[in-house]
Structures are given as C-alpha cells and as structure tokens.
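Peer 1: Next come a sequence and a model predicted from it.
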Amino acid sequence: MKRLAVAVAVLAIVVTACGESAGTTENPRRLEIDAKEFAFSPSGIDITPGETIEFIVTNSGAVAHEFVVTNQVEIDEHLEAGHAMGHGDEDMANMDEMDGMEGMAAREVQIEPGETKSLTITFDGTSDLARFVCLIEGHYEAGMEGDFNFEG
Ligand SMILES: [Cu+2]
C-alpha cells in the first residue's frame, strides 16, 4: 500500500513536469512561437480560461515583426487608424481617446530578425483576447495572425 502511494506521487511529478497542467501567474506555461514572413507557427493555440502563458517568440524572418495579443475590435481599430494617418494632429488626438489602446501596449512585443522575446499574458477568463497578430503595416493582411481557442 505504501509502495502504491509512492508510485502515485512520482506519477504526479512526471505529469507536472511535462507541462500538462494549466499555467499560473507563479508558474506560467511556456509556449514557443515562430514568427516570419508572413505567418506565425503555430497559428492556433489552445488556452484553458484563467491560465497564464509565457510566450517565447522567435523572429526567424528577415524583417522586424510584432507579436500582439489582442481581439478583433482592436485589430479593426488599428487598421482604421493606420489608414487615417497623415491627416494631422486631429487624428492623433482621436487615437489617444480610443478605448483599449493603452492596455494593448502591455500585450505586445517587437522582435528584430534573429531575436527572441518573451511576453507573459494572463487570460483572466472574462477576457476576449482571442487573437494574436503582427500589426506592422501589411503583415496582418499578408497572413500574420492566429487564434486562441478557449477550452472548457
Ligand atoms: Cu510581421
């Protein structure tokens, strides 16, 4: 009976070490992503609501890329703002007033070619952060986008 208890304890340690459990703020789940022209790999990632993920993003391409954890509303706002650029200070003022732009800054990293950067995000269960993209001009349109799939 004692031997069985030891076996169960060892098994529990092995399962934890394999990273099968959801990430926490103290112990985020590490997840590697590759970015290049013009795609992320993987482009679909399963998330357990409430978990914390440390994204380790490597730019294996030839130009700079971004990794932005976001939602479709922010993406559409960004694309509209980009297209409205060049019309003077008025548009810049409007940009500052946009909801969510400030929060977005904490959810993005810029990565130069050959560089690896990490970004830690907690998916708090009520968040609508279901998309990840590169927002450098033209990259999203070319295919630098992916989806988070929330399980359970
Ligand atoms: Cu890019």
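Peer 2: Received it, and whenever you're ready, just let me know what you need. It should be emphasised that the depicted structure is a prediction, and the values quoted were computed from it without experimental measurement.

Peer 1: chain center to the helix or strand residue 110 falls within: distance?
Peer 2: Assessed by DSSP states H and E, residue 110 sits inside strand 108-111. With C-alpha atoms, centre = their mean, to the nearest Å as the basis, strand 108-111 stands 10 Å off its chain's centre.

Peer 1: cool, stretch 62-80 as well?
Peer 2: Taking mean C-alpha positions (C-alpha atoms, centre = their mean), stretch 62-80 and its chain are 11 Å apart.

Peer 1: if we can go back for a sec, go through the strand holding residue 110 and flag the buried ones.
Peer 2: 108-109, 111 (16 or more other C-beta atoms under 10 Å). Any C-beta I mention is one placed from the backbone N, CA and C, and that applies to glycine too.

Peer 1: Make CSV out of these and add distance to the ion.
Peer 2: Listed next are the buried residues of strand 108-111 as CSV, based on distance: C-beta to the ion, whole Å:
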residue, distance to the ion
108, 12
109, 12
111, 9
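
Peer 1: if we can go back for a sec, C-terminal to the strand holding residue 110, what's the next element?
Peer 2: Sequence-wise, the next helix or strand downstream of strand 108-111 (DSSP H and E) is strand 116-122.

Peer 1: Send over that following strand as CSV, restricted to the C-alpha atoms.
Peer 2: The C-alpha trace of strand 116-122 is given here as CSV (Å, rounded to 0.1, in the frame of the first residue of the first chain):
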residue,chain,number,x,y,z
THR,A,116,13.7,36.0,-29.2
LYS,A,117,11.4,37.9,-26.8
SER,A,118,9.0,36.8,-24.1
LEU,A,119,5.6,38.1,-23.3
THR,A,120,3.5,36.9,-20.3
ILE,A,121,-0.3,37.1,-20.6
THR,A,122,-3.0,36.0,-18.1
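
Peer 1: what packs against the strand or helix carrying residue 81?
Peer 2: Assigned by DSSP H and E, residue 81 belongs to helix 72-84. Under the contact definition 3 or more C-beta pairs under 8 Å, 6 or more residues apart in numbering; DSSP states H and E, helix 72-84 sits against helix 89-97, helix 101-105, strand 131-133.
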